[in-house]
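*Asks:* let me see the structure of the following:
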Amino acid sequence: MISFVAGVVLGMLSAWFAVAQRQRKLALAQEETLRLRQEKQIVVDFMHNMVEAVATGGDRQEMFRRIIHAAVRSTGAMSACIFERQPDGTLKGMAVEGLFPPQRKIPDELASKLATRTQYLESILKSESYKMGEGLIGQVAKSGRAVLIADAQNDPRVVQHHDPSLQVRSIIVAPVLFQGELIAVLAVANPVDGLDFTETDFSLVESLAEQVGLAVHNSDAMKVQIEKSKIDLDLELAGNIQGLLLPKSFPPSDTLAFAAHYTAAQKIGGDLYDIFQLDEKTIALAIADVSGKGISASILMAICQTNLRHFSKLYRSPSKVLSAINAQMSSSMRKDMFITIIYAVFDLETEEVVLARAGHELPLFYDRHANGSVTVGPVRSNGMAVGMVPPEIFDATIENTRIRFGKKDALLFYTDGVTECVNSEGEEFSSGRLVDTLRSSGGESAQAIVDIVLEKVNQFSEGIGQADDLTLIAVRHA
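*Replies:* Coordinates of the predicted model:
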């Protein structure tokens, strides 16, 4: 009987124990689930703060200040600090919250010179930097591994101070990385509850540091994108403005037909052409090329065009116009920049062209003779590029060249983007091929001449792409 009762009791105890075990496991599971939810919420809140920090823009130090504030709120630490890696490899303090104890010995007498302890610590932080491997901050940066020092008061790696409020009781230092590259070092010190940091806290700080790395990277990427967008917008506006400088139509003439083509190698270029009427009997034409490309070249070209229009009203001689442009611009141009230009005046009555050439590509003349024969070749004319030499040398070399431009004749003006276009073997299109193209197409209309030259250049380049600005102007006498 006793054994039966004992067996019943033992069975009941065993059942109770099993139930208790299950309840305990359930309670632990619920506690772990709650902890994980809390940590998840902390990380989510932290990420939200990071997004706000990145989205607000502003300077980099303000972003780090927001990051530190979010780290203090998320970890329950009394203070936190972040050190950013500089281009020279050193770690510079960027932001601090709370009385974060400096991790370098500081003379006590310095503290009395500042109004408050907080100002003192901020001042120290701004001047504080570490080399890789130096002190606790430098060691974490060098190793790329986070460190938990639960009992910091007995650890030689932690710098302690006489001021009790600057004592480090517990500290976590974590590297801020993105794709293995060190961005900064994040440190949090002294939990508010007075206890030591735990492994759970350590895991949380590592997660937060990972989010900081992502946030800083995204901030940098966003700034780069914003700057790129601004540059793209500036280039687009500059390209639109440059497009306004090019003639949309040509002066009417019963005997002369004009056609032009311009393609910039980049969004904006350094080539220019202009065709405008001087009076009822004369039409002016200019083609120019600034050394280099981009915004600076386009600005210089716009200035050149303004001067061209101005001096063409003062002087009928093309060489005098170019001399005046050189005298006006050479003193203000960069030493590494110059402008090659041809300026030509077509006389509709005399059927002559007078041109001056300042270092530009020689224009090609399709000369149909009275007997029906054709001669194709360059129009020779001396001159140096605008901005390359002082006025006294420029004026001594520039000259006017006069040619008869009669029925069925044609002139082709171009920039070196045409002749220096290369194929897959690195061979240039060359002036020789351009002469051959004009010889076969010179009897066509002005527009047809331009179209044929472009087709030949594109076929030659095999779709490699355009390395330089390309401009063509064809003039055809009826």
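*Asks:* how many neighbouring residues does residue 460 have?
*Replies:* 17 (other C-beta atoms under 10 Å). Every residue, glycine included, has its C-beta placed from N, CA and C.
*Asks:* pull out the buried residues from the helix or strand harbouring it.
*Replies:* Counting by DSSP states H and E, the element that carries residue 460 is helix 446-461. Buried residues in helix 446-461, counted by 16 or more other C-beta atoms under 10 Å: 446, 449-454, 456-457, 460-461.
*Asks:* hang on, residue 377 packs against residue 435?
*Replies:* Yes: between residue 377 and residue 435 there is a contact under C-beta atoms under 8 Å: 6.8 Å.
*Asks:* show me whatever sits in contact with both of these two.
*Replies:* When contacts are counted by C-beta atoms under 8 Å, 6 or more residues apart in numbering, the set common to residue 377 and residue 435 consists of residue 364.
*Asks:* before we move on, the earlier item: going by distance to residue 440, which of the buried residues of helix 446-461 wins?
*Replies:* Residue 440 lies nearest to residue 452 out of the buried residues of helix 446-461, by C-beta to C-beta, at 7.8 Å.
*Asks:* about what we covered before: with pLDDT and distance to residue 275 added, can I get the buried residues of helix 446-461 in a markdown table?
*Replies:* Shown next, in a markdown table, are the buried residues of helix 446-461 (pLDDT from 0 to 100; distance: C-beta to C-beta, whole Å):
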| residue | pLDDT | distance to residue 275 |
| --- | --- | --- |
| 446 | 97 | 11 |
| 449 | 97 | 15 |
| 450 | 97 | 13 |
| 451 | 96 | 18 |
| 452 | 96 | 20 |
| 453 | 96 | 18 |
| 454 | 94 | 18 |
| 456 | 94 | 23 |
| 457 | 93 | 22 |
| 460 | 91 | 27 |
| 461 | 86 | 27 |
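*Asks:* more neighbours, residue 377 and residue 435?
*Replies:* The neighbour comparison of residue 377 against residue 435 (other C-beta under 10 Å) goes to residue 435, with 16 against 13.
*Asks:* now the more buried one, nearest residue through space, not along the chain?
*Replies:* residue 376 (5.6 Å; C-beta to C-beta, 6 or more residues apart in numbering).
*Asks:* what about that neighbour, neighbour count?
*Replies:* Using other C-beta under 10 Å, residue 376 is surrounded by 19 other residues.
*Asks:* please, which helix or strand holds it?
*Replies:* strand 374-378.
*Asks:* re earlier: and of the buried residues of helix 446-461, the nearest to residue 90?
*Replies:* Looking across the buried residues of helix 446-461 and measuring by C-beta to C-beta, the closest to residue 90 is residue 461, at 49.7 Å.
*Asks:* list the contacts of the closest one.
*Replies:* With C-beta under 8 Å, 6+ apart, residue 461 has these contacts: 421-423, 429.
*Asks:* in strands, which of the residues you listed fall?
*Replies:* With strands taken from DSSP state E, there is no overlap with the contacts of residue 461.
*Asks:* what helix or strand is residue 274 located in?
*Replies:* strand 271-277.
*Asks:* name every strand pairing with that strand and say which way it goes.
*Replies:* Within its sheet, and counting by DSSP bridges, strand 271-277 is paired with strand 282-290 (antiparallel).
*Asks:* average pLDDT for the helix or strand following the partner strand?
*Replies:* For strand 282-290, the following helix or strand on the C-terminal side (DSSP H and E) is helix 295-314. In this model, helix 295-314 carries a mean pLDDT of 88.
*Asks:* so which bits of helix 295-314 are buried?
*Replies:* Within helix 295-314, the residues that count as buried by 16+ other C-beta under 10 Å are 295, 297-305, 307-308, 311-312.
*Asks:* and for stretch 391-405?
*Replies:* Buried, per 16+ other C-beta under 10 Å, within stretch 391-405: 394-395, 398, 400-401, 403, 405.
*Asks:* starting at the chain centroid, how far to that stretch?
*Replies:* 43 Å (C-alpha atoms, centre = their mean, to the nearest Å).
*Asks:* what is the end-to-end distance of that stretch?
*Replies:* Stretch 391-405 has an end-to-end distance of 31 Å (criterion: C-alpha to C-alpha, to the nearest Å).
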